[in-house]
Every structure is written in C-alpha cells, then in structure tokens.
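> when you get a sec, could you give me coordinates for this:
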Amino acid sequence: MQYNLAQITEQISAIAMDAGAFLLQERSHFQSDAIEYKGLNNLVSYVDKETEKQLVERLSQLLPEAGFITEEGTTGQEADPTALNWIIDPLDGTANFIHGLPVFSVSIGLAQGNTPIAGVIYDPNRDECFAGWQGGGAWLTHKGTRTRMQVSSAATLGESLIATGFPYYQFDQMQPYLHILESLMQQTHGLRRMGSAAIDLAYVACGRFEAFYEYNLNSWDMAAGVLLVREAGGVVTDFAGGNEFLFRGDVLAGGPVHTELMAVVQQYWT
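Sure, this is the predicted structure:
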C-alpha cells in the first residue's frame, strides 16, 4: 500500500506536540513518589504510561493497519517486527524529566520492517519539532518557522562535537566503552551526554552534533531519529557498519565524520 508520508508526518507532528504539552503540564506538579523501577536505573512514571496511551489511541486512528512497538507496552500485544509498525517512546529522557532537567522528548517513528519511513521528535521545552519522511527530507519547525535540516559537513573528529549515552544497566562492555571515550576525548571538540537518544539523533540531523553513537538502545529510542539523520544527508549504521541497528541496539549516526568515528569504535569494540 502506498502512503502519503508527507501528510502522515504532518499528522504525527500534531500528535507529538499535543503529547509534549501534556508532559510539560504534568512536569509542573510532578512528585517523586510517582516513580517506579522497571530495573536497575530504569525509571518509569505514570506520565510515561499515560502519554503512551494517548499516542497509541490517536495513532491507531491514523493508520489502523499498523502495529505498535512501544516502550511501556500499553497495547498488551506482541508486534510483528517485519510488518508496518509505530515505534514510539512517549517520554525519551525519563530520568531527566523526573529530576527536573529540561531535556526530554516525544519520539514517534513509523517503520516498515527494520526500515523507518517517517519520524517525528518533539522537544516541548524548546518547542522544536524535528520531522521527516522517506524521500521527503528532514525539517525543523520552531516558532512557526520551518527549515530544512542538514547534517554537519565536518569530516574529521578534530572538528567535531560527538554525542553518546552512558550504559545504565548492561555493563559487560564497560571497558571497551571507556576506551572509546578516552580516545574521543583526546581527538574531538568534546563529548556530550544529553540523556535522550532521540534528541541526540535530532541534533545530529540538524548539524548541532557531528555524530552520535551508543549501544544497548531499543528501537523506540532511535526509530524516528535515524530516519531524520538519513533524510538530512547522514549515514546510520550499527557498530559493525551494517544495517541491523534498529533491533540490535548499537547505532552510529553522523555526517562525513561517520567513517572516522566508526574506525575508533571498531578499534575497541568486541
């Protein structure tokens, strides 16, 4: 079936922005006793769950034939990863949200199998909506102005600012990860850890970061973001240089510096 991805992306953007407004409303009176623990350092709140329910309801109406792959599992259904799916994170950056750090986002991706075909990331704190669709480019809307996104043209680590994330429960690869950090600290303008992989990828797409890498991610952390990076002219791979990142968990995204960064990662990664 052929879809009007440009129109669908506009509708996703409106849905994401409404969800973002709900997040800000709830953040204004959020209490720490509302926190639950899914595992070590893996936090969730009623806000994550309620936002996801709202997203699922509205996205179901938009494309009833699509399944859902969601962080909080509110649909109660097992999705077929080879089919058409919404891949959503209602609140990417839950720890930031809980602690009052204004760096979190709503991430909504639409994927056919392991290929994202549309994606929206909305940062309610900055009122920035990053949106794109397959073959249609990637766009940033802020204060009513829409501009086309393009990855940074920087080609070397020496002129790059790199984003990453810290592992929070899978520590078996800690040593190679630290070796990569040590190497990049000495070769780049710096490293940043925002606490929202979706925002990291959106910032790569619009050129604020030259590249992003992280392991042990889930599909909902990156589905929308990798679409944006690709549509903004960037390259997205897994750490091995392949295309298995969406359901494998390790991702490396960037502009021309991607090649040099991947060489550093592969030097230490096992």
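
> partners of the closest residue to residue 262 other than its chain neighbours in the sheet?
Sequence neighbours aside, residue 252 is the residue nearest to residue 262 in space, at 5.6 Å (criterion: CB to CB, 6 or more residues apart in numbering). Backbone N, C-alpha and C define where each C-beta goes, glycine included. Here residue 252 sits in beta bridges with residue 213, residue 237, going by DSSP bridges.

> just list what the host helix or strand of residue 162 packs against, helices and strands only.
Under the criterion of DSSP states H and E, residue 162 resides in strand 161-164. Using 3 or more CB pairs under 8 Å, 6 or more residues apart in numbering; DSSP states H and E, the elements in contact with strand 161-164 are strand 190-192, helix 197-205, strand 211-214.

> which residues sit against it?
For strand 161-164, the external contacting residues (CB atoms under 8 Å, 6 or more residues apart in numbering) are 181, 184, 188-194, 200, 203-204, 208-214, 261.

> swap in 10 Å and give it another go.
Residues from elsewhere that reach strand 161-164 (CB atoms under 10 Å, 6 or more residues apart in numbering): 152, 154, 177, 180-181, 184-185, 187-194, 196-197, 199-201, 203-204, 208-215, 253-254, 257, 261, 264.

> helices along the stretch 1-150 of the chain, start to end?
Secondary structure of the stretch 1-150 of the chain by DSSP state H, counting those that start in this stretch: the helices cover 5-27, 46-62, 94-99.

> out of those helices, which is closest to residue 79?
helix 46-62 (11.7 Å; CB to CB).

> buried stuff in the closest one?
By neighbour count with 16 or more other CB atoms under 10 Å, helix 46-62 contains the buried residues 47, 48, 49, 50, 51, 52, 54, 55, 56, 58, 59.

> one more: stretch 190-201?
Within stretch 190-201, the residues that count as buried by 16+ other CB under 10 Å are 192, 194, 195, 196, 197, 198, 199, 200, 201.

> just stretch 9-19 next, same as before
For stretch 9-19, the neighbour count (16+ other CB under 10 Å) marks 9, 11, 12, 13, 15, 16, 17, 19 as buried.

> same question for stretch 154-173.
Within stretch 154-173, the residues that count as buried by 16+ other CB under 10 Å are 154, 157, 160, 161, 162, 163, 164, 165, 173.

> quick one: pLDDT of the third one?
Spelled out, it's residue 160. pLDDT for residue 160: 98.

> with the first one instead?
Predicted confidence (pLDDT) for residue 154: 97.

> burial measure for residue 179, as a count.
Number of residues near residue 179 (other CB atoms under 10 Å) recorded here: 15.

> was I right about it contacting residue 268?
Yes: using CB atoms under 10 Å, residue 179 is in contact with residue 268, at 4.2 Å.

> please identify which of the helices and strands packed on strand 161-164 is closest to residue 25.
In terms of CB to CB, the element of these nearest to residue 25 is helix 197-205, at 19.9 Å.

> just the C-alphas of that closest one, formatted as PDB.
Taking C-alpha atoms only, helix 197-205 is exported to PDB below (Å, rounded to 0.1, in the frame of the first residue of the first chain):
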ATOM      1  CA  ALA A 197      19.000   9.400  22.400                       C
ATOM      2  CA  ALA A 198      16.100  10.900  20.300                       C
ATOM      3  CA  ILE A 199      17.300  14.400  20.900                       C
ATOM      4  CA  ASP A 200      20.900  13.400  20.200                       C
ATOM      5  CA  LEU A 201      19.900  12.000  16.800                       C
ATOM      6  CA  ALA A 202      17.700  15.000  16.100                       C
ATOM      7  CA  TYR A 203      20.700  17.200  16.900                       C
ATOM      8  CA  VAL A 204      22.900  15.200  14.500                       C
ATOM      9  CA  ALA A 205      20.300  15.700  11.800                       C
END
